[in-house]
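Asks: When you get a sec, could you give me coordinates for this:
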Amino acid sequence: MSSVLAETIDIVIGKSQGTLEKISVDDIVIGVFFTGVKLSTGHAGVAFTPVGEMPEAVCCPTSAARMPAAGSLEKTPVLEILPYALDRNVLKSAIGVATLNAVSQIILESEDPKEASKKSWQPSTGRKDSRSPLKDFLATRL
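Replies: Numbering: from 1, shown residues only. As a prediction, the model looks like this:
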C-alpha cells in the first residue's frame, strides 16, 4: 500500500506545479470514524480513522500519545504533512491521506474539465524514479 501512496504523492506534487509550497494546514480533526483536514485554501479532505489498529483507543490520554504533535500541526506546510501518509503510526497516516485527498481537490479544480476527460489513466510502469518529488522533499528534511 505504501508504494501506491508514495506514487500518488509524487503525482500530486508533480501536478501541483509548485503551488503546494504556499499552502498550509488550517485545521485537523481526528474523530472516531474519520479524520479531516482543512487547508489554508479552504479545501478539505477526509480519511478513515483506523481505531481498530490502536489497542489503546479506549483511553484518550494514551491515544493522544500516538500523535505526539497533536494540537501543534496548524499552519504546518502541506509538503511536510503529505509524507505522514506513509508513516507506520496510523493516526499520522490518516492525517497524511486526508491531506492528500484535500490537495487532490485543488488539482482537480485547476484542470480543464474538457482536457481532463480526454486523458486516460495509465498504469504505473513499475519504474522507480530516484528523482521523484517526494524523495527530493524528504531528502532535504533528513
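
Asks: make it CA atoms for all contacts and neighbour counts henceforth
Replies: Noted.

Asks: so how far is Ala6 from Lys75?
Replies: In this structure, Lys75 and Ala6 are 23 Å apart, going by C-alpha to C-alpha, to the nearest Å.

Asks: Show me which of the two is the more surrounded one.
Replies: Neighbours per residue, other C-alpha atoms under 10 Å: of Lys75 and Ala6, the larger number sits with Ala6, 19 against 13.

Asks: Correct me if wrong: the more buried one contacts Leu86.
Replies: Yes. Under the criterion of C-alpha atoms under 8 Å, Ala6 lies in contact with Leu86, with a separation of 7.1 Å.

Asks: mind listing what's buried in the longest helix along the chain?
Replies: Among the segments of the chain that qualify as a helix by DSSP state H, the longest is helix 90-110. By neighbour count with 16 or more other C-alpha atoms under 10 Å, helix 90-110 contains the buried residues 90-104, 106.

Asks: Poorly predicted segments of the chain, please.
Replies: Flagging of the chain using pLDDT under 70 yields the residue ranges 1-2, 54-71, 112-142.

Asks: redo that, cut-off 50
Replies: Applying pLDDT under 50 to the chain flags residues 61, 116-117, 120-130, 142.
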